[in-house]
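[1] what shape does this take:
(chains A, B, C and D)
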2 protein chains.
Amino acid sequence: MKDSHVADDVTRAAVELFARQGYANTSVQQIVEAAGVTKGAMYHYFESKDDLLFGIYERLLNLQKAHLDEIIARGGTTDEVLRAVCVDVLETSIDSMEEGAVFFRSLNMLSAPRQQEVTRRRRAYHDEFAELVSRGQAEGIYRTDIPVAMLVAHFFSDVHYLSHWYSPEGPEDKTLVAEQLTDLFLTSLRRTDAAP
Amino acid sequence: MKDSHVADDVTRAAVELFARQGYANTSVQQIVEAAGVTKGAMYHYFESKDDLLFGIYERLLNLQKAHLDEIIARGGTTDEVLRAVCVDVLETSIDSMEEGAVFFRSLNMLSAPRQQEVTRRRRAYHDEFAELVSRGQAEGIYRTDIPVAMLVAHFFSDVHYLSHWYSPEGPEDKTLVAEQLTDLFLTSLRRTDAAP
DNA sequence: TGGGCAAAACCGACCAGCCGGTATGTCGCA
DNA sequence: TGCGACATACCGGCTGGTCGGTTTTGCCCA
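    Got it, this is the predicted structure:
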């Protein structure tokens, strides 16, 4: 309980409002009202509205990175690892769907240096993913007729798009969705019959 | 040339600015300055800032719908038609990438009724696409173990994501990208060896 | 146990500036 | 002379952020 409940409450309210109405369209007043605190209290914990947004990005980036490292450290065949990574990032993204929506929609609202920082860490994440795909290509299990960058983009497009159609209240189960999307990706990724 | 150049110039400037900085973060002043006209001139052709945004949506929706209808009317096997539709929507999206970026990022900035209108027409578009997939399933050429809605979402996620990684100045050719992404989708869509 | 007290937490009135939108004026052309 | 096509000055409202002041907390020492 080192952190005040204020910072948490404000962050939670901000995520929800940013996801629903966008960053620029959400006033600090709205956030503090939704969080049930005052503006003074908020500015005691955050330097600026931008700071608040960056905090959301940082938490999500740290979470994803930690999961990725843990799965890779666990080891296994390239195909097993890649599958586990795909399923995990999809499941995690469903759990953090509001944060994800903010992530993609409000990047350009961040101050330039922080935007670069986020982009840098995101690229590092993609590079680790791309490395797995490349390894699979080298092992001869994945197709090589399509650039790795496009294959990576093809997968993350699904992650990105989740918040546009998935509803937790809907009929689809979280785990099932993650596995089905992973299956679609890996199916298109495998070598076709003909040798390259 | 029925419309004044003012409306066109303003729309063009708005698309570019909305795509780069977002709708809420772009002021009317910025738009008219970039377009080289005055605010009075702009408000002579548009009722509001919201009107300007809706115009962008409408043009893109009309364009996509026209293309889709034309391709379906042209006929062919289900597989041929679906492939043509996929390639076309991807190519068109690359041509209208800024509009596309605005489309997905600024939907919730529209007034509620107009937002519904856009959603309605977009759903109609997706339904036509889904109909093709369903037909392919009935013909036994596409897999049936994954809900159609998810298959549709899987494809449009790539369309959506284009503006996040594709660069017209980059090495990838527009047509090639469209065909490769279509290939990835159709590969994952086909029936696997085992009968369902 | 409790009094003292600094520091941290919090409050809310306030500000300058920018926002979308408008009212009114001007100009050229039919 | 009238009318559409703009220009310009201006408005109320809201924004992110500030700041002087007040309350609460935590700790030390008698």
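[2] can you give me the mean pLDDT across the host helix or strand of residue A:83?
    For residue A:83, the enclosing helix or strand under DSSP states H and E is helix A:78-95. Mean per-residue pLDDT for helix A:78-95: 97.
[3] ditto for stretch A:10-30
    Across stretch A:10-30, pLDDT averages out at 94.
[4] OK, contacts around residue A:94?
    Contacts here follow Cβ atoms under 8 Å, 6 or more residues apart in numbering or on different chains; on that basis residue A:94 touches A:162, A:166, A:168, A:174, A:177, A:178. Glycine gets a C-beta too; all of them are placed from N, C-alpha and C.
[5] need the max-distance pair from those.
    Across the contacts of residue A:94, the two members that end up farthest from each other (Cβ to Cβ) are A:168 and A:178, 13.1 Å apart.
[6] compare the two (neighbour count), which wins?
    residue A:178 (22 against 9; other Cβ atoms under 10 Å in any protein chain shown).
[7] residues in contact with that one?
    Neighbouring residues of residue A:178 by Cβ under 8 Å, 6+ apart: A:86, A:87, A:88, A:90, A:91, A:94.
[8] what residues does chain A put near DNA strand C?
    Taking Cβ under 7 Å from any atom of the strand, the part of chain A that reaches DNA strand C is made up of A:4, A:6, A:37, A:38, A:39, A:40, A:41, A:43, A:44, A:45.
[9] which one (most neighbours) among these?
    Neighbours were tallied for each of the residues of chain A next to DNA strand C (criterion: other Cβ under 10 Å), and the maximum of 20 neighbours falls on residue A:37.
[10] chain B contacts on chain A?
    Within chain A, the positions lying close to chain B (Cβ under 8 Å from any Cβ of the partner chain) are A:20-25, A:104-106, A:108-109, A:146-147, A:149-151, A:153-154, A:156-158, A:160-161, A:164-165, A:172, A:177, A:180-181, A:183-185, A:187-188, A:192.
[11] just the buried members of these?
    The neighbour count (16 or more other Cβ atoms under 10 Å in any protein chain shown) marks A:22-25, A:104-106, A:109, A:146, A:150-151, A:153-154, A:156-158, A:160-161, A:165, A:172, A:177, A:180-181, A:183-185, A:188 as buried among the residues of chain A next to chain B.
[12] inside helices: which ones of these?
    Applying DSSP state H to these, the entries found in helices are A:104-105, A:150-151, A:153-154, A:156-158, A:160-161, A:165, A:177, A:180-181, A:183-185, A:188.
[13] what's stretch A:60-75 in contact with?
    Outside stretch A:60-75, the residues that reach it (Cβ under 8 Å, 6+ apart) are A:81, A:84-85, A:88-89, A:92, A:96, A:99-100, A:103, A:118, A:121-122, A:125, A:128-129, A:132.
[14] residue ranges with poor pLDDT in chain A?
    With pLDDT under 70 as the threshold, chain A has low-confidence stretches at A:1-4, A:193-196.
[15] now with 80?
    For chain A, residues meeting the criterion pLDDT under 80 lie at A:1-4, A:170-171, A:192-196.
[16] near DNA strand D, which residues of chain A?
    Where chain A comes near DNA strand D, counting by Cβ under 7 Å from any atom of the strand, the residues are A:26, A:27, A:28, A:29, A:30, A:39, A:40, A:43, A:48, A:49, A:50.
[17] quick check on residue A:111: phi, psi?
    The phi and psi values for residue A:111, taken as degrees, to the nearest 10, are phi -60, psi 150.
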